[in-house]
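Participant: Quick one: sequence and predicted model below, then my questions.
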Amino acid sequence: MFPKLAISSLSALVLCSIGALRAADDWPRKYEDFEGAKLIWPYTYDDGTSKIKMTVSEDAAHGGKKSLCFEVNTKGAGEWGAGGGCAPSDKKGGIDVTGATKITFWIKTEKKISLGVAIKEGNAPGRSELNEEWKLGVHEIEGKAEWQQVKLDLDKATIKKITGNGKMDLGNISNVDFFFSLGIEATKVYVDDIAFEK
């Protein structure tokens, strides 16, 4: 009986170790696929003239049945545009993507847009050591009927404002932010399957 128990325990240990190794090398690492019941910590912002609305939609999807939909209009006389984002729905506070070199997502827009992307550290205001925002530039996205994949290098990110240590901490990414520049006529923009890659 005892040898069998020892072998069984050893097998369980080996299986756990293999599982841990697979989890540690689980790339690409999902941030959000919008298949959940609701968004976590959703937010939008605008310059007072531009219009934006953010919802989970079943009108279009890349990988499942739902995607993030932005109804946006920055064609007015605003100063800078509008944007929004959310936290990952299956992680409390943030996601650990230590070791990642890129962020990727799929986007669908019928009109050409100028899209800014940023990632935010931390899980709550006031945690200055883990609460910095990193901008990944503004990118021209062509209007197409099909989905387009966007890949952005994290090493090209610039910090918006130093409020902590001034170093990108990928151990706790709590928000991915999308910003729409001026000049976009009323349209819907769909974003899906946000992930991080090595």
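Facilitator: Structure's in. What do you need?
Participant: Can you name the residues that contact the spatially most central residue of the chain?
Facilitator: The residue lying closest to the centre of the chain (Cα atoms, centre = their mean) is V176, at 3.9 Å. By Cβ atoms under 8 Å, 6 or more residues apart in numbering, the contact list for V176 reads Y31, E32, G85, C86, I103, F105, V117, A118, I119, K120, I194. C-beta: built from backbone N, CA, C; applies to glycine.
Participant: Show the buried residues in those residues.
Facilitator: Buried residues within the contacts of V176, counting neighbours by 16 or more other Cβ atoms under 10 Å: Y31, E32, G85, C86, I103, F105, V117, A118, I119, K120, I194.
Participant: picking that back up, flag every buried residue along the host helix or strand of the residue nearest to the centre of the chain.
Facilitator: For V176, the host element (DSSP states H and E) is strand 173-180. For strand 173-180, a neighbour-count test (16+ other Cβ under 10 Å) marks I173, S174, N175, V176, D177, F178, F179, F180 as buried.
Participant: roughly how far apart are the second one and E140?
Facilitator: What that stands for is S174. Noted for S174: a distance of 27 Å to E140, by Cβ to Cβ, to the nearest Å.
Participant: just the first one next, same as before
Facilitator: Distance check for I173 against E140: by Cβ to Cβ, it reads 25 Å.
Participant: Report all helices and strands that the longest strand along the chain contacts.
Facilitator: With secondary structure taken from DSSP state E, the chain has its longest strand at strand 187-197. Strand 187-197 is packed against strand 29-32, strand 67-73, strand 102-109, strand 113-121, strand 173-180, with contacts defined by 3 or more Cβ pairs under 8 Å, 6 or more residues apart in numbering; DSSP states H and E.
Participant: and the fourth one, what other elements does it pack with?
Facilitator: With contacts defined as 3+ Cβ pairs under 8 Å, 6+ apart, the secondary structure elements packing on strand 113-121 are strand 102-109, strand 133-141, strand 173-180, strand 187-197.
Participant: Need these in TSV (columns: distance to P42).
Facilitator: Output for the helices and strands packed on strand 113-121, formatted as TSV (distance: least, Cβ to Cβ, whole Å):
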stretch	distance to P42
strand 102-109	16
strand 133-141	17
strand 173-180	10
strand 187-197	13
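Participant: Same list, these, but as a markdown table with mean pLDDT and distance to D26 please.
Facilitator: Shown next, in a markdown table, are those (pLDDT from 0 to 100; distance: least, Cβ to Cβ, whole Å):
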| stretch | mean pLDDT | distance to D26 |
| --- | --- | --- |
| strand 102-109 | 98 | 15 |
| strand 133-141 | 96 | 23 |
| strand 173-180 | 95 | 15 |
| strand 187-197 | 98 | 11 |
